[in-house]
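> generate coordinates for the sequence data below:
(3 chains)
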Amino acid sequence: MITLTHFLVVSACIFCIGLYAVLAKRNAIMILVGIELMINAAILNFVAFGKYDKLNYGGQVFALFAIVLAAAAVAVGLALILNVYRHFKTINPEHIHELKD
Amino acid sequence: MIESFLFYAFAGVAILSALLLVHIRNTARALFLLFVVLFAMAGLYLFALADFIAITQILIYVGGVLILLIFAFMLSNKELLADLQSTSGRFISLPNWQALVLVIAFLSLMVYSYLSWSQQMPQWIAQSEAKGKMILPTDNNIKVLGFKFMTQYVLPFEIISVFLMMTLIGAAHLSRKESNK
Amino acid sequence: MLLPLLAFVLQAALGKKSISGNIALTAIIASTIISLFGVFLPIWNETTLLQKWTWFTIGEHSLHIGILLNNLTALMQLIVCIIALPVHIYSRSYMKGDPGIHRYWMYLSLFCFAMLGLTVSLNLLQLYIFWELVGFASYLLIGFWFTKESAVQANKKAFLINRIGDIGFLVGIGLVYANCGTLDLSVLFNPAEALLPSDKNTGWLTFAGLAFFLGAMAKSAQFPLHVWLADAMEGPTSVSSLIHAATMVAAGVFLLCTVFPLFNSTVLLVITLIGTLTALSAAVFALGQYDIKKVLAFSTVSQLGFMMVGVGIGAWDAAMFHLATHAFFKCLLFLCAGAVIHELAHFKAKTQLDIDPQDMRNMGGLRQIMPKTFICMVIASLSLAGFPLTSGYLSKDSIVISAYEWASQLGGVYLLIPILLIVVSLFTAFYIGRLIFKTFFGSFKYHTVFEAGTPFHEAPKAMLIPMFFLAAGSLFPLFGTSLTDYHSAWIIHALETTTTYPALASAHIFIPVILTGGAVLAWFIGWQWYVKEKYPLSANNPLVRFAYKQGYLDEFNDRVFVKGTVGLSRHLYAFDRRVVDGMTTFFAWFVRQLAVVVYWIDKYIVDGLVNLVAGTTYYIGHLVRHVQNGQLQNYLGFALTIVVLGILYLLIK
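Alright, predicted model coming up:
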């Protein structure tokens, strides 16, 4: 029997791996990938909890919203990364520490 | 029994691929590993009886986001490629251990709290379990979701569609070649 | 005056390209014309002209630089220009083909600038600056052939000895400034200002006078600081003629004339004694030299001694007069010697004979080969010896007669000084006669080689013309119309000084007679000795050796001063090491121990408090600083840490 806790632990693992990628990676694209992993972990939580909400279907609906938002985030994020690269000639976030032009 | 085995298999594939993903050097390979992770995640959604979400996950993520990432990665200029591939030379570079410690602490905290709370689920879950108001494998999720989007969630749906268009325009604006400069 | 500077800068900029010397020549011609028509003629016997600009101000004292033009400075400037001009022309042909010719013209222009600046300086400090520049240019020119070891040694020697004099000059300047509060010559010696004490026998004035004299002694090569001048002959001959015969060495005399009102009787007596001693010793040394240039160098020293005597007895007008005439005939002597050396060097190069072109023993019989040079040389020599009809006759007699008048007034042992001067004059006649006889009479040592057809001829025209010009200047008409009475010479007229002693009419007759007769006698002896080769003394005669070795003065200097200084410094060093350093070390140790205690208190108590506050602040700041480093990932990690801590808190609570 697969309980809610199973889903939660798995999503926690995926979330932390994504978090690690965001914190430790020296590459903006990998950071974006980490964010995707974290969003996926969140979606997993949504659908896991949504299983118990037949009345509103809130979990699944917001999981869909989250997927759309993630897609939008990736699109904008990639555009930003390209722009940042054009400006700083690097996508290592360690070297990008200026807000000014 | 076979259900549990499949669940653990999908979960194992997802977690192991994700682990491999974060410490692989080659960004292109990492992106393909992300492909695997997303598939495994989609499989996990099925266990939560969210078949439409799983399909959408594969359609949007695998078909859209991942393709976008790989395209962006491959279509970008050579310097960017070299820059991407030469990064993170060591398995654990110096600032990474801090992140690792932090992440493990966070994970252990979450897992600990989940396990300690597993005996006392929120009340609405217990109620719906007791009343049998759960999504069942026999339900037609797609039909219900369609109704829900057009009735109960029509406002968020519209907002999200507008938002999606804004982001697409914004992304296109941001990533254009600045030839007018 | 500024024109040679311009030429110097221009040539320094052009570097190797400016080899013809046209720039230097143009500059000096222009300077000569300006100083003759623009400066000398308007100033001479007219009012003193001075132009001053404020240079800098220390406290309430401001120093002026400027130009002071009176009879003395105008005369000196004209002499410098007029002597420098023929030397420039002469150098064109003398220095032709030298690889360092561009440097030569550069230095020569620098020297002319410095010398002209020196003559017109208003301020003693300004004078000192130009004085140093003159010394520096001379240093460069002596060491012009710097690949020659002896030239390097010579210019080092000249430099060091000039330093001694410069210290004296500087001390003098300091004393004058400390006591009078001004260095402005026009103010200092203005009777209306009454800056100088009426009683001249005060201690500082004597000391300042001696200090100035020390400066002049080194520059004008007075005994015992004359040793550098003979070695300075390592430079090109044209340079020797300009610097070490005519102008620079005269700067010391000029300085003494400038600050003459400063001297009291003690200083003047010292000057007279030193001058006499110099004149005598240098004349004796000149007798034994074989190097033609060294003979002339010692003769210069001897004549400078005469000028010093002139200053010392108060007849500085006579000294200036002698300076002017001496500049002409000594320059001419050097140029003639240069011509001979030049031709002999060419001869040597062509025949590959291993001879020293400056050694008189290698010359002889050149009268037939170089008649024009010979004539010039004879005129200059006659002038040097004080023969009638020459300028030297007037100026030299003026000094000797003044000395006699001065001595006869004082009487006693002072009479020794004019007698010594007369003896020196006879020596002068003898050694210059010896030079002439050895060089131009007799038979040429390498006559056989010459007969064999190797060209050996008269000096080129560019060298002869300046020589003729100077030869004309060495005759009497340029300085006065009277043949015998030096009082009618215009320089004496213009610089008229009041002497305290009466003129003796008899001296005006018998001293010239003695001098001339003695000179003729000396020449006769010289003729007998050198031309007829009846030389009575062998080369190893102790007297001759004494003279040749310059009285062993160099050796004496080497032994006593150099070794003595080295030994003294060694002893002082040991003393310094043992006693002074010991004391210093003890004090240092004591102070260090004290400092350690104070340091401890300071560090742990005073600093401790401050450091505690600062350290705490710094530590907090340091902690927080890491957060604000602009790294997004660090921000995120920090936020996450807080979240983890918060959850932990919630869990534990």
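> for C:L49, report the pLDDT, please.
Per-residue pLDDT puts C:L49 at 63.
> does the residue nearest the centre of chain B count as helix, strand or coil?
By Cα atoms, centre = their mean, chain B has its centre lying nearest to B:L38, at 6.3 Å. Secondary structure for B:L38, judged by DSSP: H, G, I helix; E, B strand; the rest coil, is helix.
> residue contacts, it?
A:36, A:40, B:57-58, B:61-62, B:66 (Cβ atoms under 8 Å, 6 or more residues apart in numbering or on different chains). Placement of C-beta: from N, CA and C, glycine included.
> buried subset of the residues you listed as a PyMOL selection?
A single PyMOL command is used to select the members of the contacts of B:L38 judged buried by 16 or more other Cβ atoms under 10 Å in any protein chain shown:
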select buried, (chain A and resi 36+40) or (chain B and resi 57+58+61+66)
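> isn't A:T3 right next to B:Q119, touching?
No - contact criterion Cβ atoms under 8 Å: A:T3 and B:Q119 do not qualify, at 10.8 Å.
> measure the residue nearest to the centre of chain B to chain C for me?
Remark: distance between B:L38 and chain C (Cβ to the nearest Cβ, to the nearest Å) = 23 Å.
> before we move on, back to that, need the max-distance pair from the contacts of B:L38.
Greatest spatial distance in the contacts of B:L38: A:E36 and B:I58, 13.8 Å, computed using Cβ to Cβ.
> other SSEs contacting the host helix or strand of C:D166?
Element membership for C:D166 (DSSP states H and E) is helix C:149-180. Applying 3 or more Cβ pairs under 8 Å, 6 or more residues apart in numbering or on different chains; DSSP states H and E, one finds that helix C:149-180 makes contact with helix C:124-142, helix C:203-219, helix C:227-231.
> can the strand or helix carrying B:A18 be found next to chain A?
Here B:A18, judged by DSSP H and E, is contained in helix B:2-23. Yes - Helix B:2-23 reaches chain A (Cβ under 8 Å from any Cβ of the partner chain) through B:3-4, B:7, B:11, B:14-15, B:18-19, B:21-22.
> the least confident helix or strand in chain A by mean pLDDT close to chain C?
Using mean pLDDT, DSSP states H and E, helix A:58-88 stands out as the lowest-scoring helix or strand of chain A, at a mean of 84. No - Helix A:58-88 is not in contact with chain C by Cβ under 8 Å from any Cβ; minimum separation 11.2 Å.
> which parts of that helix are buried?
Quick answer for helix A:58-88 (16+ other Cβ under 10 Å): A:59-82, A:84-85.
> how far is it from where the chain is centred?
9 Å (Cα atoms, centre = their mean, to the nearest Å).
> cool, stretch A:79-89 as well?
That offset, for stretch A:79-89, works out to 20 Å (Cα atoms, centre = their mean).
> could you tell me how many residues sit around the nearest residue to C:F159 once chain neighbours are set aside?
Spatial nearest neighbour of C:F159, excluding adjacent residues (Cβ to Cβ, 6 or more residues apart in numbering or on different chains): C:Y139 at 4.9 Å. By other Cβ atoms under 10 Å in any protein chain shown, the residues close to C:Y139 number 19.
> hang on, the earlier thing: just the residues of helix B:2-23 next to chain A now: which is nearest C:Y90?
Nearest member of those to C:Y90, counting by Cβ to Cβ, is B:V22, at 93.0 Å.
> number of residues surrounding the closest one?
25.
> so where is chain B shaky, pLDDT-wise?
For chain B, the stretches flagged by pLDDT under 70 are B:75-96, B:177-181.
> how about the residues of it near chain C?
B:95, B:98-99, B:102, B:105-106, B:109, B:112-113.
> redo these as CSV? Include distance to C:T439 and secondary structure.
Below are those laid out as CSV (distance: Cβ to Cβ, whole Å; DSSP: H, G, I helix; E, B strand; the rest coil):
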residue, distance to C:T439, secondary structure
B:P95, 94, coil
B:Q98, 98, helix
B:A99, 101, helix
B:L102, 104, helix
B:A105, 109, helix
B:F106, 110, helix
B:L109, 115, helix
B:Y112, 119, helix
B:S113, 121, helix
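> out of those residues, who's the most crowded?
Among those, the one with the most neighbours (other Cβ under 10 Å) is B:A99, at 24 neighbours.
> what sits against that residue?
Contacts of B:A99 (Cβ under 8 Å, 6+ apart): A:20, A:23-24, C:633, C:637.
> please apply the same query to C:P466.
C:85-87, C:89-90, C:335.
> look up the closest residue to it, ignoring the ones flanking it.
Leaving out its chain neighbours, C:P466 is closest to C:P86 (Cβ to Cβ, 6+ apart), at 3.1 Å.
> quick one: C:T278 and C:Q222 touch, right?
Yes - contact criterion Cβ under 8 Å: C:T278 and C:Q222 qualify, at 4.8 Å.
> any common contacting residues for the two?
C:301, C:304-305, C:308.
> give me the buried subset of those.
C:301, C:304-305, C:308.
> turn these into JSON lines, columns for pLDDT, secondary structure and distance to A:L55.
As requested, those are arranged in JSON lines below (pLDDT from 0 to 100; DSSP: H, G, I helix; E, B strand; the rest coil; distance: Cβ to Cβ, whole Å):
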{"residue": "C:V301", "pLDDT": "82", "secondary structure": "helix", "distance to A:L55": "129"}
{"residue": "C:L304", "pLDDT": "83", "secondary structure": "helix", "distance to A:L55": "128"}
{"residue": "C:G305", "pLDDT": "83", "secondary structure": "helix", "distance to A:L55": "132"}
{"residue": "C:M308", "pLDDT": "83", "secondary structure": "helix", "distance to A:L55": "130"}
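> wait, which of these is closest to chain A?
In terms of Cβ to the nearest Cβ, no member of those lies closer to chain A than C:L304, at 77.6 Å.
> quick one, what contacts the closest one?
Residues in contact with C:L304 (Cβ under 8 Å, 6+ apart) are C:220-222, C:249-250, C:252-253, C:275, C:278.
> try 7 Å
By Cβ atoms under 7 Å, 6 or more residues apart in numbering or on different chains, the residues touching C:L304 are C:220-222, C:249, C:253, C:278.
> from those residues, which is closest to chain A?
Using Cβ to the nearest Cβ, the contacts of C:L304 come closest to chain A at C:V249, 72.5 Å.
> what separates that closest one from C:S281, distance-wise?
The gap separating C:V249 from C:S281 is 16 Å, by Cβ to Cβ, to the nearest Å.
> next: C:V309.
Counting by Cβ to Cβ, the separation of C:V309 from C:S281 is 13 Å.
> comparing the two, which residue is more hemmed in?
For C:V309 versus C:S281, neighbours defined as other Cβ under 10 Å are more numerous around C:V309 (32 against 22).
> tell me the spacing between that one and B:T151.
Distance from C:V309 to B:T151, by Cβ to Cβ: 134 Å.
> circling back to that earlier point, how about the residues of chain B next to chain C, which pair is most distant?
B:P95 and B:S113 (27.3 Å).
> so C:A221 sits in a helix?
No - counting by three-state DSSP, C:A221 is not part of a helix but coil.
> mind putting the contacts of C:P466 in TSV, neighbour count, distance to C:L648 and secondary structure included?
As requested, these are exported to TSV (neighbours: other Cβ atoms under 10 Å in any protein chain shown; distance: Cβ to Cβ, whole Å; DSSP: H, G, I helix; E, B strand; the rest coil):
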residue	neighbour count	distance to C:L648	secondary structure
C:L85	19	102	helix
C:P86	27	105	helix
C:V87	29	100	helix
C:I89	21	103	helix
C:Y90	30	103	helix
C:L335	34	106	helix
